[in-house]
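**Q** Pasted the sequence and its predicted model underneath.
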Amino acid sequence: MRARPLPAWVDVGLLPVVNLVLAFCVSGLIALAVGVDPRDAVRIMLEGAFGSAEAIGYTLYYATNFIFTGLAVALSFHAGLFNIGGEGQAALGGLGVGLVALACDRILPAPLLIPLAVAAAALFGAGWAAIPGWLQAYRGSHIVVTTIMFNFIAASLMVFLLVNVLIAPGSMSPESRAFAASARLPFLHELFAGLGVALAPSPLNLSAGLAALCCVAVWLLLFRTPWGVELRTMGHNPSAALYAGIDTKRMTVIVLCLSGALAGCVGVNEILGVQHRLILDFAAGCGFGGIAVSLMGRNHPVGVVLASLLFGGLVQGGAELSFAMPSVTRDMVVVIQGLVILFSGALANLARPWLEAGFARLGRVAPDGAG
């Protein structure tokens, strides 16, 4: 007999943990195959990601990018849309930041310039996502196809602009000139130093606070507003949404714009907060990583934060692992990340039958028809 659905806390909390354990078990087998002790590898990764104040700062810096892109994917998921264009939307968000900074960093003070650059990041990301949203809503184009194509278009556009238009005079690298001090988000260790608190230097900057605000805003929007109810209704049952009078076409475009705006904020963290110039490939795959973050976090802002910390730790710990163990290349670290994505995404329900059977035997989930 088929077991009843698992309790919500198991589906939301325990199942992702089981998937993560399975991913690390397979990663351990691969490590053994290349002659690496998995216990040593795990110890190095944990110490590299969370073993010091500096390591935690780097982990939180990477996690900030994943929060932005994870929220972007989660918001679209709730509307029944699969936005996998976060990489391109992040790139255009960085372009918006760069254009504002290059145009105004010598004429506007930081209190005016930084909010303007943040707004540009959101607007450029939203504008880039609005086109696939419109094509999906009014022309029937599949959102998966259009968003992934727009990733490549965005990459080509960035190459053209940085090689032919925005490149610094005399530079041999495809990057803009450095921004003036007014166009730089302060690092958190610098801010705390001004308050007399010593923090280890790291790239963590004020955009982490922006990410936290975005988490709260998305939670309020989805679960505490009538518009969020309409959005989730469209995601669960488009026919019911139409019957209720919801304009699903307009909703599709708006949701994709909001999703693109969130992904565009990656440019705030990278361009305004760390690089202080416009460069190529600053997103570094976090747009695609946001898909796994959203899946593992069950499309909830709290889950997105927790999953982002995991992926930030994987990036930082993986860098330390490849440095400490020359036999573990960067490609090996990417394989570990890919396995986490695989078990969190395509194989997300692999362990569900085992958990249902186990809870049925424990009497916590009674089989259908039981008294």
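**A** In hand now; what should we look at? Residues are numbered from 1 along each chain as shown.
**Q** how about N19, what does it touch?
**A** Residues in contact with N19, defined by C-beta atoms under 8 Å, 6 or more residues apart in numbering, are 296, 343-344, 347-348, 350-351. In this view, the C-beta of every residue, glycine as well, is placed from N, C-alpha and C.
**Q** Check Y62 too.
**A** 286, 311-312, 315-316.
**Q** Next: L157.
**A** Residues touching L157, when contacts are defined by C-beta under 8 Å, 6+ apart, comprise 91-92, 95.
**Q** Same question for R106.
**A** So R106 contacts 180, 182 (C-beta under 8 Å, 6+ apart).
**Q** Give me the secondary structure label for it.
**A** Going by DSSP: H, G, I helix; E, B strand; the rest coil, the secondary structure assigned to R106 is coil.
**Q** re earlier: and the contacts of L157, which is closest to E356?
**A** Of all the contacts of L157, A91 has the smallest distance to E356: 42.1 Å, by C-beta to C-beta.
**Q** Quick one: neighbours of the residue lying closest to that closest one once chain neighbours are set aside, just the number.
**A** Taking C-beta to C-beta, 6 or more residues apart in numbering, and ignoring the residues beside it in sequence, A91 has A154 as its nearest neighbour in space, at 4.5 Å. Other residues near A154 number 23, with proximity taken as other C-beta atoms under 10 Å.
**Q** Which SSE is immediately downstream of whatever helix or strand A154 lives in?
**A** Under the criterion of DSSP states H and E, A154 resides in helix 143-164. If you walk from helix 143-164 toward the C-terminus, the next helix or strand you reach (DSSP H and E) is helix 188-194.
**Q** which of the residues in the helix or strand that that next one is followed by are buried?
**A** Once helix 188-194 ends, the next helix or strand along the chain (criterion: DSSP H and E) is helix 207-223. Burial within helix 207-223, assessed by neighbour count using 16 or more other C-beta atoms under 10 Å, is assigned to 207-208, 210-211, 214-215, 218-219, 221-222.
**Q** can you put the residues you listed in a markdown table and add pLDDT?
**A** Conversion of the buried residues of helix 207-223 to a markdown table gives the following (pLDDT from 0 to 100):
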| residue | pLDDT |
| --- | --- |
| S207 | 96 |
| A208 | 96 |
| L210 | 96 |
| A211 | 97 |
| C214 | 97 |
| C215 | 97 |
| V218 | 97 |
| W219 | 97 |
| L221 | 96 |
| L222 | 95 |
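**Q** Which one of the residues you listed is nearest to D105?
**A** Comparing the buried residues of helix 207-223 against D105 with C-beta to C-beta places S207 closest, at 17.3 Å.
**Q** distance of the closest one from G48?
**A** Distance of S207 to G48, computed by C-beta to C-beta, to the nearest Å: 23 Å.
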